[in-house]
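Visitor: let me see the structure of the following:
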Amino acid sequence: MDLKSIIFVGLGSFFGGSLRYVLATVMDRNSSGVFPWSILLINSLGSFLIGVAAVVFSQAVLGRDSVWPLFVSVGMLGGFTTFSTFSLQTLRLAQDGHLAMAFFNALGNVSLCLLLVYLGLKLANCFVD
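Guide: Got it, this is the predicted structure:
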């Protein structure tokens, strides 16, 4: 770990977190109801993109030893995805008596994100092989 790596992770987190904030704000303003659709979409998109990034960086397209995997995967996508927010929202749904929504939110985020990581890996492998 060096200062350059820490700076790249921090910059990536700034961009990813900012993008998450903008997308969630826009989506939440245009949706109705209590279900946190914006967080489900952001977690799903982030999962797909981290699958793509894993293949791109493992194939040394941008260099395994560079700081770009840290910037994109750890920083940007780590800042973009919102698993801690998802966890808090799921708990709040359950505490507010919306047990079915809490269950669907947990099941949807976990299953959809796992599927999209898999699809991201498969798609990216089609272009790298």
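Visitor: would you map the helices across the protein?
Guide: Under the criterion DSSP state H, helices of the chain are mapped to 3-29, 37-58, 68-69, 78-80, 83-95, 99-128.
Visitor: need these in CSV with mean neighbour count, can you?
Guide: For every residue, glycine as well, the C-beta is placed using N, CA and C. Formatted as CSV, the entries for the helices of the chain read as follows, by neighbours: other Cβ atoms under 10 Å:
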stretch, mean neighbour count
helix 3-29, 15
helix 37-58, 20
helix 68-69, 20
helix 78-80, 21
helix 83-95, 16
helix 99-128, 16
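Visitor: now those helices as TSV including mean pLDDT?
Guide: Shown next, in TSV, are the helices of the chain (pLDDT from 0 to 100):
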stretch	mean pLDDT
helix 3-29	96
helix 37-58	90
helix 68-69	88
helix 78-80	94
helix 83-95	89
helix 99-128	94
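Visitor: can you verify my assumption that Asn125 contacts Ala54?
Guide: No - the criterion here is Cβ atoms under 8 Å, and Asn125 misses it with Ala54 at 9.9 Å.
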